[in-house]
Structure formats: structure tokens, C-alpha cells
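Trainee: Build me a model from this:
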Amino acid sequence: MFPLRARAGSAALMLSLTAVFCVLFAPGAGAQTAGLVEPPPSARAAALQGGLAAPDDNASIYLNPAGTVMLPRYQLSGFGHLRQNTPAPERRFGVSIVDSTGGLGGGIGWVRDLGGRDPADDFALALAQRWLGNTAIGVGVHYRIDRTRTRRTDWNFDLGLLYDPLEGRFRLGLVAYDLLNPPDGVLRERAFAGGLASRIADYAEVTADLHYTPGLPDGERIRWNAGLEGFIGPWASVRGGYGQDPAGPQHRNQWSIGAGGGIPGQFRLEYAFVKEVAAPVRTHLAEISFYMR
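Mentor: Numbering: from 1, shown residues only. Below you'll find the model as predicted:
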């Protein structure tokens, strides 16, 4: 249990940072899509359609940098991604590692795009710190190298907040993505997202996210996603999700399923399948994680 003063201070910190996010999150110009990696480089996050308030794997580097402080020590992950039935099939792979100790957390990640419309290398760094025991704030820095003929480079940063009042039973997250205005021609835009995650006993977890992207050429955009994960003891889990983007020109409504399993505290294998509702586009993601405590 946290003292009343600590709880009040934590709530004040949440409100203050939320106000700062809203000020920083003014509409930008010249971009066509949000900077958030989609689908995220994580089989679990892809199956849940997000889950920025449920930082249980290395996807926190990209979804909510504050979540890296909630992860176990020395977690190493590698993933592969294949998106089919598109004009240019997309293949990606990447690796990431996170560590947390003494109220501090962080991680680094690298994603290589092997094809598709925008071949590139993405590098990411996340740093986070706990405040008052149940609140964490984090910053993520992203650097992208376009591997087309233009060889364009771009960098940006995210701010994330995670509030965990019930020690993993209920969490709230806020993230502001790509806070810098991108240079002309770079397809990035500031975006804001909020999410929650609720653990139901030891059997399931529910996640829900809401994303808002202002300043697009065709107007602002609001989309949401929700996911459900069921646990089969400490060894395996199954999950599914649905995401809706009614006004998005590039991101259609989609559903997803996934599963994972392994030896607790040692390694896990994860898989996700994502299908767009109104198009024959499907994505497969596979991931393996090792825990080096």
C-alpha cells in the first residue's frame, strides 16, 4: 500500500504530464501517417492490436517507453514479419533487448525492412524511470535510414507515461509519438494514444487503446483497438484482438489471433496472425524471447 501523500503526488504528476502532452501535441503539417510502427515488432502486441498499457515484452520500446521499467532483467527478443497479398510484400526482422533494475529501465531495438514500399532500417532507444513507486515516465528516440535511392534519414522521439496503482492488476498508459515536426517528404505525424490494461484474476488480461492523429491532409483521425489474452498456467497463453480505423486511408479494420508458450523465466515462443477485414491482406509474425536474469 502506498501512503496517501505518495498517491496524491502520483496523481498530480499524472495530471501535470498529461497537460504537457496536450500542449506539445499540437497539429503538425506535411505528413500522411502516424509514426507508430504498425504492426508493432512484437507477436504479442500484434495479436492484441497494441496494448500500450500492458508492457509484458520488448514492444514497450516502440509502444510505450515507460513500460521498459516494468520488464524483467535482460530480456532479449528477435522477431520476423511477413505481410502478404500486397502490391509489394513486406518482410521485416529485428532484435531488441531491455533491462530494468533499481527503478530504472531501458532498451534498444533494431528493425530491418527487407522490401515493400519503404525499405529502411529503424533504430530505437528507450529510457524510463519509476516515480513514487507506481508511476513510470519514459522517453523513446527513433532513428530511421531510408534505403531507397534518396537515402533519407529522419529521427524523432516519443514520451510515455505508465500508471500502475495495483501492481500489475490495472494499468493506465499515455504516449505522445513523434513530437518533432518531420522534414518535408517524411511520412510521419505526431500522434497521441491512451490505453488501459486490466488483469482478471490469474486467468486473463483485457487491453484497449485509443489513438488520435491530428493535422492529416484529409483531417484528423481517431482509431481504437482492443485485445484479450488468456493464460494457461505460467507456461502458455492465447490472445486475440480487433482494431477499427473507420477514416484511415492506409490502415483498415483488422482482427488478429495469436498464441505463445515457453518455460517461465527462461524463454518464450510467440506467433500472431493479423487479417485485414476488407482486403485480402494478412500478416504473420513470429518471435522468440530469452530471459537472462
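
Trainee: where does Val141 fall, helix, sheet strand or coil?
Mentor: strand (DSSP: H, G, I helix; E, B strand; the rest coil).

Trainee: And for it, the neighbour number?
Mentor: Residues lying near Val141 (other C-beta atoms under 10 Å) number 15. Just so you know, the C-beta spots here come from the backbone N, C-alpha and C atoms, and that holds for glycine as well.

Trainee: pretty sure Leu180 contacts Asp154?
Mentor: No. In this structure, Leu180 is not within contact of Asp154 by C-beta atoms under 8 Å, at 9.3 Å.

Trainee: Now for those two: what residues contact both?
Mentor: Counting by C-beta atoms under 8 Å, 6 or more residues apart in numbering, no residue touches both Leu180 and Asp154.

Trainee: for the record, mean pLDDT for the host helix or strand of Gly106?
Mentor: If you go by DSSP states H and E, Gly106 is part of strand 104-113. Per-residue pLDDT over strand 104-113 has a mean of 92.

Trainee: could we number from 45 for the rest of this?
Mentor: Sounds good: first residue 45 from here, last item strand 148-157.

Trainee: where does this structure have low pLDDT?
Mentor: Where the chain drops to pLDDT under 70, the residues are 45-83, 130-132, 159-162, 193-195, 225-233, 259-264, 290-296, 337.

Trainee: Centroid-nearest residue for the chain?
Mentor: The centroid of the chain falls nearest to Leu107 when counting by C-alpha atoms, centre = their mean (1.9 Å).

Trainee: quick one: that residue and Ala168, what's the gap?
Mentor: 11 Å (C-beta to C-beta, to the nearest Å).

Trainee: ok so, going back, excluding chain neighbours, what is closest to the residue nearest to the centre of the chain?
Mentor: Leu96 (4.4 Å; C-beta to C-beta, 6 or more residues apart in numbering).

Trainee: Walk me through which strands the helix or strand where Phe137 lies pairs with, and which way each runs.
Mentor: In this structure, Phe137 is located in strand 134-145 according to DSSP H and E. Its sheet considered, strand 134-145 pairs with strand 119-128 (antiparallel), strand 148-157 (antiparallel) by DSSP bridges.

Trainee: Leu224 and Asp198: which is more packed in?
Mentor: Neighbours were counted for Leu224 and for Asp198 using other C-beta under 10 Å; Asp198 has more, 20 against 13.

Trainee: can you confirm the more buried one is in a strand?
Mentor: Yes. Counting by three-state DSSP, Asp198 is part of a strand.

Trainee: circling back to that earlier point, neighbouring contacts of the strand holding Phe137?
Mentor: 85, 102, 104-105, 112-127, 149-161, 166, 168, 170, 172.

Trainee: I'd like to know how many residues surround the closest residue to Arg174 other than its chain neighbours.
Mentor: The shortest distance from Arg174 to any non-neighbouring residue, by C-beta to C-beta, 6+ apart, is to Gly147 (4.1 Å). Number of residues near Gly147 (other C-beta under 10 Å) recorded here: 12.

Trainee: and what of Asp165?
Mentor: Neighbourhood size, Asp165 [other C-beta under 10 Å]: 15.

Trainee: cool, and the one 10 residues further on?
Mentor: Using other C-beta under 10 Å, the number of residues around Trp175 comes to 19.

Trainee: now the helix or strand that contains Lys319 against strand 119-128, angle please.
Mentor: Secondary structure from DSSP H and E places Lys319 in strand 311-320. Relative orientation of strand 311-320 versus strand 119-128 (axes from the mean of the first three to the mean of the last three C-alpha atoms, to 10 degrees): 30 degrees.

Trainee: which stretches of this structure form strands?
Mentor: Under the criterion DSSP state E, the chain contains strands at 119-128, 134-145, 148-157, 164-175, 179-190, 197-207, 214-221, 235-244, 248-257, 265-276, 280-288, 298-307, 311-320, 326-335.

Trainee: who's in contact with Ser104?
Mentor: Contacts of Ser104 by C-beta under 8 Å, 6+ apart are 110-112, 114-115, 142, 151, 170.
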